[in-house]
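In: Sharing a model prediction with you, sequence too.
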Amino acid sequence: MTVTLPVVVLVSGRGSNLQAIIDHCRRGDLPVDIRAVISSRLGTEGLERASRAGLTGVVVDPGAFSTRAGFEQALMQRIDSYGPELVVLAGFMLILGSDFVRHYSGRLINIHPSLLPQFRGLHTHERALKAGVRYHGASVHFVTADVDGGPVIVQAPVAVRPDDSPQTLAARVLEEEHRILPEAIRWFAQGRLSMADGVALLDGRPCENPVPENTQSRNPAAGRSPEDTTP
């Protein structure tokens with residue numbers, strides 16, 4: 001009998017990465033049991049995708065709580081009620097506090113649309129084009145209290161084209177997100193992926209993510225900005 005990994009997925013919007021996970025599960029190449037999909041917003045497409053797949057979908061709305069701590073406590077209680085061994089942030093657009101992150105340390109992963117540590121935070125595609133980088137891409141990483149700063153598990157570079165707009169670049173990056181997030185989840189489900197002493201380990205060795213040299217046509221520091229501390 002195949003052992004499946006219990007997973008809870010957190011979303012805030014379209015849920016296209018959630019759909020990629022669902023599709024891999026349907027194909028039988030991702031041994032996970034999605035116990036619930038939790039959204040931070042009502043009426044999201046992510047919840048609709050969950051419903052169409054026959055999954056439990058719930059909302060934990062931060063606006064219903066007077067404090068961030070109260071929201072995160074309620075979110076933890078709801079997540080824990082499903083008994084997950086892995087929590088996946090698949091487009092969850094909220095910063096999570098240190099208590100929350102510590103509670104799920106080593107079993108909380110996130111997909112981010114850049115080649116971390118470049119372009120932490122929001123508006124990554126616009127910032128990549130403005131910076132003039134040759135390569136952009138996507139990263140899956142373990143979540144720590146350092147926003148978008150946890151150890152990287154896997155990355156996928158995407159060449160930036162001279163005629164790219166933020167929209168065209170985002171579309172190609174999203175294709176890679178849909179590939180590498182299920183891959184990282186699969187490694188975790190297979191017992192191959194872990195985090196120890198702040199390092200992501202695959203088969204007991206530090207994860208290696210060789211990406212092309214990301215030379216920039218402008219200021220070498222252009223890949224970082226004050227927004228790097230924004231979710």
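Out: Yep, that arrived.
In: elements contacting the lengthiest helix in the chain?
Out: Among all segments of the chain classified by DSSP state H, the helix with the greatest residue count is helix 166-189. Under the contact definition 3 or more Cβ pairs under 8 Å, 6 or more residues apart in numbering; DSSP states H and E, helix 166-189 sits against strand 5-11, helix 16-27, strand 86-89, strand 108-112, helix 124-131, strand 135-142, strand 152-159, strand 193-196. Using the backbone N, CA and C atoms, a C-beta is placed for each residue, glycine as well.
In: Hey, what's the angle from that helix to strand 108-112? Just curious.
Out: Comparing the axes of helix 166-189 and strand 108-112 via axes from the mean of the first three to the mean of the last three Cα atoms, to 10 degrees yields an angle of 160 degrees.
In: thinking again about what came up before, need the helices and strands packed on helix 166-189 in CSV with mean neighbour count and mean pLDDT, can you?
Out: Written out in CSV, the entries for these read as follows (neighbours: other Cβ atoms under 10 Å; pLDDT from 0 to 100):
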stretch, mean neighbour count, mean pLDDT
strand 5-11, 23, 98
helix 16-27, 19, 98
strand 86-89, 24, 98
strand 108-112, 24, 98
helix 124-131, 21, 98
strand 135-142, 26, 98
strand 152-159, 20, 97
strand 193-196, 18, 98
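In: hang on, the earlier thing: show me what the longest helix of the chain is in contact with.
Out: The contact list for helix 166-189 (Cβ atoms under 8 Å, 6 or more residues apart in numbering) reads 4-5, 7, 16-17, 19-21, 24, 29-32, 86, 88, 90, 107, 109, 111, 113, 125-126, 128-129, 136-138, 140, 153-156, 158, 160-161, 193-194, 202.
In: at 6 Å instead, please
Out: Judged by Cβ atoms under 6 Å, 6 or more residues apart in numbering, the contacts made with helix 166-189 from elsewhere in the structure are 5, 17, 20-21, 24, 30-32, 86, 111, 113, 125-126, 138, 140, 153-154, 156, 158, 193.
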